[in-house]
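>>> can you look at this prediction? I've put the sequence above it.
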Amino acid sequence: MIRSLSTFLTDLRAEPRHALRHPCKLILDGIEISATLTEISLGGARIELPPQCISFVPSALRAVHIDHTGTLRAQERWRRHGTLGARFRSRDSRLRVAAWFEELGILDEVSPGG
């Protein structure tokens with residue numbers, strides 16, 4: 001039996017997610033926006049937008065830059081309440097995030113394949 005809808009949705013996620021607070025930059029068409037990673041997996045990230053963030057259309061997001069991984073091609077999947085969900089768009093992104101997880105000591109929980 002499913003205890004709650006949020007438990008059910010968590011169980012459907014393709015990748016284990018890891019909570020953190022880490023600076024990042026959103027790379028848009030022609031500009032960069034400083035933001036904060038709040039959750040990351042091999043396949044994407046939850047990103048907190050700054051309070052005075054400019055409006056931009058979802059298709060403007062090209063990449064997410066994280067100091068430990070470099071620039072990862074990304075696509076906006078959703079946005080609400082000052083946060084957005086980004087999906088990483090290449091196998092190379094998965095491999096670079098997996099290498100960062102290894103540095104953090106959490107690689108044994110994830111697999112870069114897929």
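Sure, I can see it. Numbers count the residues shown, from 1 in each chain.

>>> the residue most central in space within the chain pairs with what?
Centrality entry for the chain: nearest residue to the mean C-alpha point is residue 45, 1.3 Å, by C-alpha atoms, centre = their mean. Following DSSP bridges, residue 45 is listed with bridge partners residue 40, residue 86.

>>> can you tell me which residues contact it?
Residues in contact with residue 45 (C-beta atoms under 8 Å, 6 or more residues apart in numbering) are 24, 37, 39, 64, 74, 85-86, 88. In this view, the C-beta of every residue, glycine as well, is placed from N, C-alpha and C.

>>> got a ChimeraX select line for the buried ones in those?
In ChimeraX, selecting the buried portion of those, with burial taken from 16 or more other C-beta atoms under 10 Å, looks like this:
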select :24,37,39,64,74,85,86,88
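
>>> what are the buried residues along the longest helix along the chain?
Secondary structure assigned by DSSP state H gives helix 91-104 as the longest helix of the chain. Under the neighbour-count criterion of 16+ other C-beta under 10 Å, helix 91-104 has 93-94, 96-98, 100-101 buried.
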